[in-house]
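Student: Quick one, fold the following:
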Amino acid sequence: MDAYLSGIDGPDGDGLGSPLSPGEDGITSRSANALSTKLATVLSASYADSEIREALRLFDIRDVQSEYQKSQTLKSIAEKEIIDANARIVGDFGHVAEQLKRVGVLLARLNDTCDQMRGHILAAKQESAPVLEEASILLARKQEGEAKQQLLEVFCKHFTLSDADLKTLTSSAEPLDERFFVVLQRVQQIHKDCEILLGTETQRLGLELMEQTTRNLDAGFKKLYTWIQREFKGLDLEDPHISGSIRRALRVLSDRPTLFQNCLDFFAQARETTLSEAFQGALTGTGSGQAIEFSTHDPLRYVGDMLAWIHSAAVSEKEALEGLFISDANEISKGLAVGHTSEPWARVRRPGGVDERAEEDDTSEHVFDGQKALSDLVSRNMVGVCQTLHQRIEVAVKNSGDPVLMYKVFNLLTFYQEIFSKLIGSGTTIDNTLVQLETAVLGLFKDTMDEEVGAATADTTPSPDLSPPTFLHVALKQFTDIARSRGPQMTGSELERLFSAVLSGIVDACADGASQLLEVRESNIYKANYLTALQMSLRSILSQVPPISLPLDKVNSELQTIRDSLSESVTTSLLDASGIGALLQEADTRPDKEMRRKWFIENLTNAALVLDDFLASGLMDAQEGLSRMSDKSAAKDIIGEAVDRFCAEFDELEGMIHQADMEGPNGEVDAEGDEIRSLADLYPRTGAEVRALLS
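Tutor: Residues are numbered from 1 along each chain as shown. Model (predicted):
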């Protein structure tokens, strides 16, 4: 470093290191100061300075430790290097300028080429512009055509049927299988989707498609309808498992309520014919069982056998047909609800059909009730059987002429009517037929009873023995037989109706006969006799027919009134025959004690003779007077009650005599002049003696 610094101003041999002249002294001193300052600046510089570090590195790469001191200074070397470097740079720039000239020539040529190409392109563009425009239009049309083609394919795939599907749907030669139902469901969906097309501006396509799908649907449902009819013809109701395809077909056909109802009508007609023939075979014995007509000699059994056969047939019919409606009731109901919107005429009830049974409101008009449909179908299947049943029962009852049998048949009809009401509901053909038969049989019963009562009561004159008339016994037997046949099921209103029909006229005739008897006691005995017969008959069936207690209480009350009247009549007879009644009356007319005693003295002797005569036969006479009563126990009770009353009256008379005897003076004489010691001597009988003699 010192060597480099020492050679900055040149070698000493050049005279640079000699003392300066006076003029140059200031300059030299300033230069020395500047140099010193520069040296100080350099020496003060840190090696960390990037410029100093780079300068020292450049110096290190040169071998100048001794060369620079000997030959030249560092400055000249540096200047030389700068000049050489500049020369090289100038040379390089010359090459660059030459290259730039060449580039300029190339650029000029390229510009010319580009201008030519631009001209060609513009010319080509002008020539191809119409073609390109037409091509773009064609491409747009192509894309539009492809989109329309794709839309058409999708539209045709959705809204049209293939020939194979159309054949499956409409051709009767094709089987009605799963594929048919799939195609039918698709056509229904197409018909529904056509409503969307009708909402567009151009409705022609929607109308044409809807018309076409409507024809296809009609043909499909017609095929389904025909198939169901054919299946119904060969349907075996004895098979516990009815074909599932029939149930599905009915469920689908419910979308056409008219066809659905026609199918049910066809089935009902077919089953009606089948059941009518089966019932006729059961009656005549053409089948395997014994003919029901063999029991025509016993009308009650005959009617019961026919009703039992119909009940068995109705139960079998219902069990066999339950699978058609109950399991798919909801689906059929939905189908009918949809179908009624497209077939408003199907809402009109047809005359003569099962729809006339009840008036339903509009809210429930389209609700399908599986149980009701099943009951209606079973009812319609039994129409022919019910007609035959009605005719045969009416003829059998009319020919019998027995009112008891008629009422038993009425009871049997009522019993089965309740069973059928629970089985298939009320208002059905069977129920209506049985109700009509009940009315007819009950009318025949009343007419027959009226005829019998009229014939029996033509002569109501009581017999000499005052016994109940024969026609009463006949009527009572009929009444009890009828009541027993009905049993505990008989209601109060039914009992009243039966009593009115059977016994009211008879009882009235007996009362009329009693009114013909002039003597009150005979009339009361006759009444007691026939009421006793009525009472005994009613009591005999009281345990079997509880409602009989009401008329029995009325008979008991009336009979008790008659017995009280008889008891009073016997009492009066005893008092009159014994003279007790007359004595009491005369005593009551003489309130004065002396006059009463005087009268007793004058009449007691004869009265005592009359009493003795009465006591000898009075009881037997009373018994003889009630001997024509049929109820001997009641007669005995009546006499006993009359005797008690008689003895009570006698006790009263005895008391009067005793009182008069106690209050009278002594020393009186009777009509013969004998002295009277006591009135008891004139009338010696006591109450105890009278009771003993009349007991």
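Student: Could you pull up the residues touching residue 158?
Tutor: Taking CB atoms under 8 Å, 6 or more residues apart in numbering, we find residue 158 in contact with 190, 193. Bear in mind the C-beta positions are built from the backbone N, C-alpha and C, glycine included.
Student: That one: which element?
Tutor: helix 74-159 (DSSP states H and E).
Student: How far off centre is that helix?
Tutor: 88 Å (CA atoms, centre = their mean, to the nearest Å).
Student: same deal with stretch 277-287?
Tutor: Between the centre of stretch 277-287 and the centre of its host chain there is 37 Å, according to CA atoms, centre = their mean.
Student: Would you map the strands across the protein?
Tutor: For the chain, applying DSSP state E gives strands covering 668-669, 675-676.
Student: for the first one, what is the average pLDDT?
Tutor: In this model, strand 668-669 has a mean pLDDT of 53.
Student: cool, stretch 391-405 as well?
Tutor: Stretch 391-405 comes out at a mean pLDDT of 90.
Student: buried sites along it?
Tutor: Buried positions in stretch 391-405, judged by neighbour count with 16 or more other CB atoms under 10 Å: 392-393, 396-397, 400, 402-405.
Student: Dump these into CSV; add distance to residue 431 as well.
Tutor: Shown next, in CSV, are the buried residues of stretch 391-405 (distance: CB to CB, whole Å):
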residue, distance to residue 431
392, 18
393, 15
396, 21
397, 19
400, 25
402, 27
403, 26
404, 26
405, 24
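Student: So which of the residues you listed are in helices?
Tutor: In helices, defined here by DSSP state H, the members of the buried residues of stretch 391-405 are 392-393, 396-397, 400, 403-405.
Student: Turn those residues into TSV, columns for distance to residue 120.
Tutor: As requested, these are exported to TSV (distance: CB to CB, whole Å):
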residue	distance to residue 120
392	117
393	118
396	122
397	123
400	128
403	132
404	132
405	129
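Student: wait, which of these is closest to residue 29?
Tutor: The closest of these to residue 29 turns out to be residue 393 (CB to CB; 170.4 Å).
Student: related to what we said a few turns ago, and the ones in helices among the buried residues of stretch 391-405, which is closest to residue 460?
Tutor: For those, the residue nearest residue 460 by CB to CB is residue 403; the value is 20.3 Å.
Student: Give me the spatial nearest neighbour of the closest one, chain neighbours excluded.
Tutor: Ranked by CB to CB, 6 or more residues apart in numbering and with sequence neighbours excluded, the top spatial neighbour of residue 403 is residue 448, at 4.6 Å.
Student: and the one you found, what is it in contact with?
Tutor: Taking CB under 8 Å, 6+ apart as the test, what residue 448 contacts is 401-403, 406.
Student: which one of these is nearest residue 506?
Tutor: residue 403 (12.3 Å).
Student: Is it correct that the closest one is in contact with residue 451?
Tutor: No: when contacts are counted by CB atoms under 8 Å, residue 403 is not listed as touching residue 451 (9.2 Å).
Student: What separation do you get for the residue nearest to residue 403 and residue 585?
Tutor: For residue 448, the distance to residue 585 equals 57 Å [CB to CB, to the nearest Å].
Student: before we move on, what about residue 244?
Tutor: Distance of residue 244 to residue 585, given as CB to CB: 103 Å.
Student: ditto for residue 660
Tutor: Per CB to CB, residue 660 is found 16 Å from residue 585.
Student: Between the two, point out the one with more neighbours.
Tutor: Legend: neighbour count by other CB atoms under 10 Å for residue 660 and residue 585, higher for residue 660 (20 against 10).
Student: ok, and the closest non-adjacent residue to the more buried one?
Tutor: residue 597 is the one closest to residue 660 (CB to CB, 6+ apart), at 4.4 Å.
Student: Tell me how many other residues crowd the one you found.
Tutor: Residue 597: 22 surrounding residues under other CB under 10 Å.
Student: Got the confidence number for it?
Tutor: Residue 597 is assigned a predicted lDDT (pLDDT) of 80.
Student: Wait, it touches residue 662, no?
Tutor: No: the criterion here is CB under 8 Å, and residue 597 misses it with residue 662 at 10.1 Å.
Student: coming back round to it: save the contacts of residue 448 as JSON lines, and put in distance to residue 294 too.
Tutor: Formatted as JSON lines, these follow (distance: CB to CB, whole Å):
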{"residue": "401", "distance to residue 294": "21"}
{"residue": "402", "distance to residue 294": "20"}
{"residue": "403", "distance to residue 294": "25"}
{"residue": "406", "distance to residue 294": "22"}
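Student: Pick the one among the residues you listed closest to residue 87.
Tutor: residue 406 (159.7 Å).
Student: OK, contacts around the closest one?
Tutor: Contacts of residue 406 (CB under 8 Å, 6+ apart): 397, 400, 441, 444-445, 448.
Student: What is the nearest of these to residue 464?
Tutor: residue 448 (31.4 Å).
Student: Residue 174 - how many residues pack around it?
Tutor: So residue 174, with other CB under 10 Å, has 15 neighbours.
Student: That one is in contact with residue 164, isn't it?
Tutor: No: with contacts counted by CB under 8 Å, residue 174 stays clear of residue 164, the gap being 9.4 Å.
Student: Can you pull out the low-pLDDT segments for the stretch 551-695 of the chain?
Tutor: Residue ranges of the stretch 551-695 of the chain with pLDDT under 70: 663-677, 680.
Student: correction: the stretch 151-300 of the chain
Tutor: The stretch 151-300 of the chain contains residues with pLDDT under 70 at 202, 236-243, 287-288.
Student: would you turn the contacts of residue 406 into TSV with distance to residue 227?
Tutor: Shown next, in TSV, are the contacts of residue 406 (distance: CB to CB, whole Å):
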residue	distance to residue 227
397	47
400	51
441	46
444	50
445	52
448	55
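Student: all helices of the stretch 301-450 of the chain, in order?
Tutor: Per DSSP state H, counting those that start in this stretch, the stretch 301-450 of the chain carries helices over the ranges 329-342, 370-381, 383-400, 403-424, 429-456.
Student: Among the ones you listed, which one carries the weakest average confidence?
Tutor: In terms of mean pLDDT, the lowest-scoring of the helices of the stretch 301-450 of the chain is helix 329-342 (a mean of 55).
Student: tell me the domain ranges of this structure?
Tutor: 79-153, 160-234, 253-344+369-458, 467-547, 570-694 (the TED database).
Student: Of all those domains, which one is nearest residue 561?
Tutor: Nearest of the domains of the chain to residue 561, taken as CB to CB: domain 467-547 at 9.4 Å.
Student: distance between the ends of the closest one?
Tutor: 28 Å (CA to CA, to the nearest Å).
Student: what's the model's confidence in that domain, averaged?
Tutor: 88.
Student: Please verify my assumption that residue 552 contacts residue 539.
Tutor: Yes: assessed by CB under 8 Å, residue 552 is found in contact with residue 539 at 6.6 Å.
Student: Count the residues that sit near the nearest residue to residue 388 once chain neighbours are set aside.
Tutor: Closest residue to residue 388 apart from its sequence neighbours, by CB to CB, 6+ apart: residue 279 at 6.1 Å. Using other CB under 10 Å, residue 279 is surrounded by 21 other residues.
Student: likewise residue 449?
Tutor: 24.
Student: Please name the residues that touch it.
Tutor: Residue 449 neighbours (CB under 8 Å, 6+ apart): 403, 501-502, 505.
Student: Output stretch 404-411 as CSV - backbone C-alpha positions only.
Tutor: Taking Å, rounded to 0.1, in the frame of the first residue of the first chain, the C-alpha atoms of stretch 404-411 are listed here in CSV:
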residue,chain,number,x,y,z
VAL,A,404,-150.3,-69.2,15.7
LEU,A,405,-148.2,-70.5,12.8
MET,A,406,-148.5,-67.1,11.2
TYR,A,407,-147.1,-65.3,14.2
LYS,A,408,-144.3,-67.9,14.6
VAL,A,409,-143.4,-67.2,11.0
PHE,A,410,-143.5,-63.5,11.8
ASN,A,411,-141.1,-64.1,14.7
